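Undergrad: just need the structure, nothing else, for what follows:
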Amino acid sequence: MPSLKTTNPFYIRLAMVLVSLIALFYIAILGKEILSPLIFGLLFAILLLPLASFFEKRLRLPRSAASALSVLTLLASIALVLYMVGSQISSLADDWPQFKHQINISLSSLQHWISAKFHVNIHQQMNYVNTAASKLLMEGTGTSVIGATVVSLSSMLLFVVFIIIDTFFLLYYRRLIIKFLVAVFREENSITVYEVIARIQFIIRKYILGLVLEMAIVAGASCLALWILDVKYAILLGLIIGLFNVVPYIGIITAMLLAALVTFATAATAGKVLVVTGTILGIHLLDSNLLLPLIVGSKVRINALITIMAVIVGGSVWGVVGTFLAIPVVAVTKIVFDRIDSLKPWGLLLGDEKDEEQPPSLATELTTQAPTDPSPEAPSNSVP
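TA: Residues are numbered from 1 along each chain as shown. Below is the predicted model:
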């Protein structure tokens, strides 16, 4: 007699999934200050793991010294990039009077255009601006603005410090953490757990390295293109475009607007602004269709719809930090889903469909997946 397998109705399973998602997002919002630096630390620890192993095995350093030296190497690399950007920004600050003069000219032209098109004279426009400015000042005094700025800077500093601490301790206690993850599950699943951990390390490391390589190529191409166009601060704008390119879709738009603003303030011609905008857009299209699939897409195969949704959800939950962490989190989630039988359909949804010249129809795929042994009652002929 076959055994009866009881399953919950669909509406109960749907309610459980929805409640779990709501609880997950609620915990993510409440634990932002703890979880976001921890995830950043995990990504950096995975990236620095080969370097730390090299210091331990080749240089015979203790694990604490190897972990600390790896973190210091990462900080030195980031400081070098920030120094390059900062040196360019310092030269940009020298031209602030020119920027201010050009902005005043542009605002004056805009005021005359509004006055001619909408019949609102310049005096009325200034009254509107002064009224809006006074409302902003009434909502928050100067001291409150300064206090908010100080709080945000201190929060950013603490965020960076927590990332450094988490990276160090994740490197130092990595063997203990792996033993814990294996011990949590059943013994017969230990091989699967090891496989998931190894796959996550491989994918995340290759993804970050591919992202850095793509960022360097985009920054170099942007610097060269803007230098050929004789754009002032071509190196600074190229570095900004490369750095902002890390954030999918949103970063390139922000970099394009910033480059257009700087070009307009220095060149004062709309034609050159359009040329610069078109050049940056062309570099982005080449990056999205050639570099991204070749360098990064082969490491993390996530379809574009899930990528956009992940960036939007990550930004709404954790702000700018969430846009950076969205893709790695989805990649790790897909790896876990692909190794669990009940979650494989979700992993299939997150993945990217393979390009085929003539993909088979859905009916053909379902027919090939059906059992091939016909039952005695089944007819000899079958529907193709």
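
Undergrad: from now on I want contacts and neighbour counts done on CA atoms only, so please keep to that.
TA: Will do.

Undergrad: in the stretch 201-350 of the chain, where is pLDDT below threshold?
TA: For the stretch 201-350 of the chain, the stretches flagged by pLDDT under 70 are 248-249, 267-269, 292-301.

Undergrad: where along it do the helices fall?
TA: Along the stretch 201-350 of the chain, the segments classed as helices by DSSP state H, counting those that start in this stretch run 234-244, 250-267, 270-286, 304-318, 320-338, 344-350.

Undergrad: tell me which residues in the second one are buried?
TA: Judged by neighbour count (16 or more other Cα atoms under 10 Å), helix 250-267 contains these buried residues: 251-256, 258-267.

Undergrad: other SSEs contacting that helix?
TA: Judged by 3 or more Cα pairs under 8 Å, 6 or more residues apart in numbering; DSSP states H and E, helix 250-267 is in contact with helix 96-118, helix 234-244, helix 270-286.

Undergrad: check contacts around A23.
TA: Contacts for A23 were tallied using Cα atoms under 8 Å, 6 or more residues apart in numbering; there are none.

Undergrad: for it, give me phi and psi.
TA: A23 adopts backbone torsions of phi -60, psi -40, taken as degrees, to the nearest 10.

Undergrad: go on, G351?
TA: phi -80, psi 180.

Undergrad: state the distance from the residue nearest the centre of the chain to G315.
TA: For the chain, the residue nearest the mean C-alpha position is F324 (2.8 Å; Cα atoms, centre = their mean). Counting by Cα to Cα, to the nearest Å, the gap from F324 to G315 is 9 Å.

Undergrad: same question, T263
TA: 29 Å.

Undergrad: contacts for stretch 307-325, please.
TA: In contact with stretch 307-325 (Cα under 8 Å, 6+ apart) are residues 25, 28-29, 32, 36, 39-40, 246-249, 326-327, 330.

Undergrad: apply 10 Å and report the result again.
TA: 25-26, 28-33, 36-37, 39-40, 43, 246-251, 304, 306, 326-331, 350 (Cα atoms under 10 Å, 6 or more residues apart in numbering).

Undergrad: C-alpha coordinates for it, PDB please?
TA: In PDB, the C-alpha atoms belonging to stretch 307-325 read as follows (Å, rounded to 0.1, in the frame of the first residue of the first chain):
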ATOM      1  CA  THR A 307      19.600  42.600 -11.600                       C
ATOM      2  CA  ILE A 308      17.500  45.700 -12.000                       C
ATOM      3  CA  MET A 309      15.000  44.600  -9.300                       C
ATOM      4  CA  ALA A 310      17.900  43.700  -6.900                       C
ATOM      5  CA  VAL A 311      19.500  47.100  -7.400                       C
ATOM      6  CA  ILE A 312      16.100  48.900  -6.800                       C
ATOM      7  CA  VAL A 313      15.200  46.800  -3.700                       C
ATOM      8  CA  GLY A 314      18.800  47.100  -2.300                       C
ATOM      9  CA  GLY A 315      18.700  50.800  -2.700                       C
ATOM     10  CA  SER A 316      15.300  51.100  -1.100                       C
ATOM     11  CA  VAL A 317      16.300  48.900   1.900                       C
ATOM     12  CA  TRP A 318      19.900  50.000   2.500                       C
ATOM     13  CA  GLY A 319      20.400  53.100   0.300                       C
ATOM     14  CA  VAL A 320      23.600  53.400  -1.700                       C
ATOM     15  CA  VAL A 321      25.200  50.500   0.200                       C
ATOM     16  CA  GLY A 322      22.400  48.300  -0.900                       C
ATOM     17  CA  THR A 323      23.000  49.000  -4.600                       C
ATOM     18  CA  PHE A 324      26.600  47.800  -4.200                       C
ATOM     19  CA  LEU A 325      25.700  44.700  -2.300                       C
END
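
Undergrad: can you pull the buried residues of it?
TA: Under the neighbour-count criterion of 16+ other Cα under 10 Å, stretch 307-325 has 307-308, 310-315, 317-318, 321-325 buried.

Undergrad: now the helices of the stretch 201-350 of the chain in TSV, with distance to R174?
TA: Output for those, formatted as TSV (distance: least, Cα to Cα, whole Å):
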stretch	distance to R174
helix 234-244	30
helix 250-267	33
helix 270-286	38
helix 304-318	26
helix 320-338	18
helix 344-350	27
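
Undergrad: and of those, who's closest to K179?
TA: helix 320-338 (17.7 Å; Cα to Cα).

Undergrad: now the closest one, how far from the centre of its chain.
TA: Centre-to-centre, helix 320-338 and its host chain are 9 Å apart (Cα atoms, centre = their mean, to the nearest Å).

Undergrad: and if you look at stretch 264-280?
TA: 28 Å.

Undergrad: and what of stretch 228-247?
TA: Using Cα atoms, centre = their mean, the offset of stretch 228-247 from its chain centre is 19 Å.

Undergrad: same question, stretch 72-81
TA: Relative to the mean C-alpha coordinate of its chain, stretch 72-81 is positioned 20 Å out (Cα atoms, centre = their mean).

Undergrad: residues in contact with it?
TA: The contact list for stretch 72-81 (Cα under 10 Å, 6+ apart) reads 44, 47-48, 51, 66-71, 82-83, 85-86, 164, 168, 239, 243.

Undergrad: what comes up buried for stretch 175-193?
TA: V182, S190, T192, V193.

Undergrad: so can I have a markdown table of those residues showing pLDDT?
TA: Shown next, in a markdown table, are these (pLDDT from 0 to 100):
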| residue | pLDDT |
| --- | --- |
| V182 | 84 |
| S190 | 82 |
| T192 | 81 |
| V193 | 83 |
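
Undergrad: quick one: which of those sit in helices?
TA: Counting by DSSP state H, the buried residues of stretch 175-193 place V182, S190, T192, V193 in helices.

Undergrad: I'd like to know how far the last one sits from L42.
TA: This points to V193. For V193, the distance to L42 (Cα to Cα) stands at 17 Å.
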